[in-house]
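Peer 1: Give me the fold of what follows.
(2 chains)
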2 protein chains.
Amino acid sequence: MTARFDVVAIGNALVDVISHESFETVASLGLELGSMSLVDADRVAELYTYLAPSTEASGGSAANTIAGVASFGGTAAFIGRVADDDFGHIYAHDLRAIGVHFDAVAAPQGSTPTGRCLVMVTPDAERTMSTFLGAGTDLDPTYVDESVIGDAQVLYLEGYLWDQPAAMEAFRLAASVAHGAGRKVSLSLSDSFCVDRHRAAFLELIADDVDILFANESEVLALYQTDDFETAIKHVRGHCEIAAITRGADGSVVITADAVIAVPAAAVDQVVDTTGAGDLYAAGFLYGYTHGKSMETCAVLGGIAAAEVISHIGARPHVALETLAIPHLT
Amino acid sequence: MTARFDVVAIGNALVDVISHESFETVASLGLELGSMSLVDADRVAELYTYLAPSTEASGGSAANTIAGVASFGGTAAFIGRVADDDFGHIYAHDLRAIGVHFDAVAAPQGSTPTGRCLVMVTPDAERTMSTFLGAGTDLDPTYVDESVIGDAQVLYLEGYLWDQPAAMEAFRLAASVAHGAGRKVSLSLSDSFCVDRHRAAFLELIADDVDILFANESEVLALYQTDDFETAIKHVRGHCEIAAITRGADGSVVITADAVIAVPAAAVDQVVDTTGAGDLYAAGFLYGYTHGKSMETCAVLGGIAAAEVISHIGARPHVALETLAIPHLT
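Peer 2: Below is the predicted model:
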C-alpha cells in the first residue's frame, strides 16, 4: 500500500540544552542519574542557573527518530507543538531543513514558550534530563492530523506522551486512525522510569494497539518486572508483532513470532553522549522496515544510526545516515 | 596595580547558529568563503531557510575571548547587548555559568531580538558568517560601564565594533576610560574584510590607543597593504607595544620593541571548525599577560586555547583550559 510518508511521529517538541556536568552536580540537584524528569517553568529556570555553559540543538525523542528517518533518505512527518519564539523557530527549521513535513501552528509569542530539555551529560557519556514541556503541554487530539497519519506506513509514538493526559488522548486517537487506514503503529518505551510510571497502561496498549515495540533492556525488564532478559523476551513475544530491544554495547535483539534475531552493535570509536541512541536505533529500524528490508537489516541499520549519534554531542545525526547505510542496502 | 578583573571586553553579543554546508551552498547564497557579512533581519531569515539543521551556542568574537580567559581561571567581564528572549537568556547564562561578570540590561521582549550569527562550516573546516546584530545594534557609549573598565587590567575590543557607529563611539570612550585608569587597551582586527572596511581608522587607532594588537596573517597584511609578512612585521613594530600575529598551522609571532618571538602551533588531532581560533588565541595570550608570564608563554597559552577550540564545533572551550595550561604555568 503506497503512502506519502514512510513514518509519521507524534512527540514532545523539545530543544535540548546540553551541558557537561559532574556526577556531583547531578546528585546535588537531586536528580537520578540517567533519568528524565518532568519539571515546571520555575524548576527548569532554577536548575539551569546551576549548569555549565551549554549548546542547544533540536531534540525530543520521537522527533530525533524522524530526523533519523529523513537522514536515511526516508519520507517523514512530525506532529508536535512549539511556540513562536527563538527555540520554536530553530525547532521548525531543523525539521524542515531535512525535508520533514511539520506544520504545527506555533503558539503566539508571550504564551507558553517552546519546550526544552536540560540534558546533563556526565563523564560516563550518560545523560540525565529535566524536561519542561512548555508549548508541548497543549498537544491534544485536535493536533492529530488524520490525513497525514493515514498516509504514513508507520505511526511512531513516544512513551513520554503518556505523562500528559491530553497527549495520551492524542496518542490513542492517532493509533486508531493509523489502524483504521491499515497502517502500523510503533511505540518507544522512552525510559525505564517512564515504564514504572505507566506500566499497566503500556501493557494494555502493547496488547491492543502496538505492532512494533522499541525498548532498551532496562525498559523491557521494567515492563515485565523481571531481572531476567530471557523471561522478558518470552513475555514480549506474542505480545506484539515485532519487538526490537537494544542492549547498548551488546547490540540489539529483534523478536518476532518466528524468530529471535541478535545483531551486534556497530563499532564506535568513542562514546561521547548516549542521548538519542534509542531514538536513532528506531530510525534505522523503521527506515529498513518501510523499505521492505529483512529484520536483520533493520536491526543493522538501527545500530549504524545509534553508533553515529553517540559518537558526538547531540541527539540528531551529524552526517547523512544514507551514506553510512549504503554498504547494507545493496 | 591590582584590579578586580584580568580582562574586560566589549563586543557583539551573538548566538552562533552553526551548520555544515557545502561549498556550493555558500557560493549559491552569494557569500564570500571565510568572510563575515552583516545582514539585516530579513536577510538573516532568508539565508536561514537555505541552511542545514544547526546547533546553537553562544558566540561573538570578544565574548569568546572572555569565555576563554575565564576557562583559564582568569577573572573577566563582558559588555554587550542582548534581548529578553531565548537566545538572550542562553547568552547570559553561558557567560555567568563560568563566572564572567555580565550585567547588560536586556532589551524587552518584542523589541529587536538578540543578535545571531549564521556560521556555515564548509568541509575545509573554514567558516563563513552572516551576522544579524539585533539588540547589539543598540550598543552605544551609555553601556560603557566605567567602573568595570577602570577595574580591569586589560580592555579588549573587537574590530567588528567599527561596523556600527554607536559601538565605535562606545569603543573610543572605553579606550579613553581604560587609559585614564592606567590600564592597557587591546584590539583584535577581527577579519581581513573588516580591515579593508576600516583601514584608515584602524591605523590611527593602533597608533593612538592600542597597546596590544591581535591579528592573523591575512589581517596584518591587509592592514599594511602588503603581501610580504616581513614588511608587515616592520610596520607593526613600533606601531603598538605588543603585536601577536597568528599564522594558522605555523603558530604565532609576537612582536615587541625588543624582540620577535615565533612559537609553533599546538598539536591538533583533527581540525573540525576554525571558528573562534583567533578569539581563543587572544584569551590564552591575555591570561598569560595578566598573570605576568613571558611573551613566549603568552603565545604558547594562546596556541593551546586555539588548538582546543578548532578541534570541535563551536567557538568556546569544551574543556577547562586551566587543565591544559598546567604544564606551562609551573
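Peer 1: In contact with A:R96, which residues?
Peer 2: If you count contacts by CB atoms under 8 Å, 6 or more residues apart in numbering or on different chains, A:R96 has them with A:F102. (Each C-beta comes from the backbone N, C-alpha and C, glycine too.)
Peer 1: pLDDT wise, what is it at?
Peer 2: With respect to pLDDT, A:R96 has a value of 96.
Peer 1: Same check on the one 4 residues further on?
Peer 2: Among the per-residue scores, A:V100 holds a pLDDT of 97.
Peer 1: cool, and A:T256?
Peer 2: Looking at A:T256, its pLDDT reads 96.
Peer 1: Please name the bridge partners of it.
Peer 2: Beta-bridge pairing of A:T256, defined through DSSP bridges, involves A:I242.
Peer 1: what's the spacing between it and A:A207?
Peer 2: As judged by CB to CB, to the nearest Å, A:T256 and A:A207 stand 16 Å apart.
Peer 1: Neighbour count for those two, which is higher?
Peer 2: Between A:T256 and A:A207, A:T256 has the larger neighbour count (other CB atoms under 10 Å in any protein chain shown), namely 15 against 11.
Peer 1: contacting residues around the more buried one?
Peer 2: Counting by CB under 8 Å, 6+ apart, A:T256 touches A:R237, A:E241, A:I242, A:M295.
Peer 1: cutoff 10 Å now
Peer 2: Applying CB atoms under 10 Å, 6 or more residues apart in numbering or on different chains, one finds that A:T256 lies in contact with A:R237, A:G238, A:C240, A:E241, A:I242, A:A243, A:A244, A:M295.
Peer 1: which of those residues tops the neighbour count?
Peer 2: Per-residue neighbour counts (other CB under 10 Å) across the contacts of A:T256 peak at A:A244, which has 29 neighbours.
Peer 1: Surely that one touches A:D211?
Peer 2: No: taking contacts as CB atoms under 10 Å, A:A244 lies outside contact range of A:D211: 11.6 Å.
Peer 1: Report the set of residues contacting both of those two.
Peer 2: Among the neighbours of A:A244, those also in contact with A:D211 (CB under 10 Å, 6+ apart) are A:S186.
Peer 1: Poorly predicted segments of the stretch 101-250 of chain A, please.
Peer 2: For the stretch 101-250 of chain A, residues meeting the criterion pLDDT under 70 lie at A:104-110.
Peer 1: residue ranges of the strands in it, please?
Peer 2: Listed in chain order, the strands found in the stretch 101-250 of chain A under DSSP state E, counting those that start in this stretch are A:114-121, A:127-134, A:152-158, A:184-188, A:212-216, A:242-246.
Peer 1: okay, the fifth one in PDB with CA atoms only?
Peer 2: Once side chains and other backbone atoms are set aside, the C-alpha atoms of strand A:212-216 remain, and they are given as PDB (Å, rounded to 0.1, in the frame of the first residue of the first chain):
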ATOM      1  CA  ILE A 212       6.300  -2.700  16.600                       C
ATOM      2  CA  LEU A 213       7.700  -2.100  20.100                       C
ATOM      3  CA  PHE A 214      11.100  -0.400  20.700                       C
ATOM      4  CA  ALA A 215      12.700  -0.600  24.100                       C
ATOM      5  CA  ASN A 216      16.100  -1.000  25.700                       C
END
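Peer 1: Which of the three states applies to A:G303?
Peer 2: Local secondary structure at A:G303 is given as helix here, using DSSP: H, G, I helix; E, B strand; the rest coil.
Peer 1: Isn't it up against A:S252?
Peer 2: Yes: in this structure A:G303 lies within contact range of A:S252 using CB under 10 Å: 6.3 Å.
Peer 1: Touching both of these two, which residues are there?
Peer 2: Contacts common to A:G303 and A:S252, judged by CB under 10 Å, 6+ apart, are A:T246, A:V263, A:P264, A:A265, A:Y281, A:G284, A:F285.
Peer 1: Could you pick out which of those residues are located in strands?
Peer 2: For the shared contacts of A:G303 and A:S252, membership in strands holds for A:T246, A:V263, with DSSP state E as the criterion.
Peer 1: The shared contacts of A:G303 and A:S252: which two are farthest apart?
Peer 2: Pairwise distances across those peak at 15.1 Å for A:P264 and A:F285 (criterion: CB to CB).
Peer 1: Looking at the two, which one has more neighbours?
Peer 2: Under the neighbour definition other CB under 10 Å, A:P264 and A:F285 were set side by side, and A:F285 has more, 32 against 13.
Peer 1: What's the separation between the more buried one and A:V253?
Peer 2: 12 Å.
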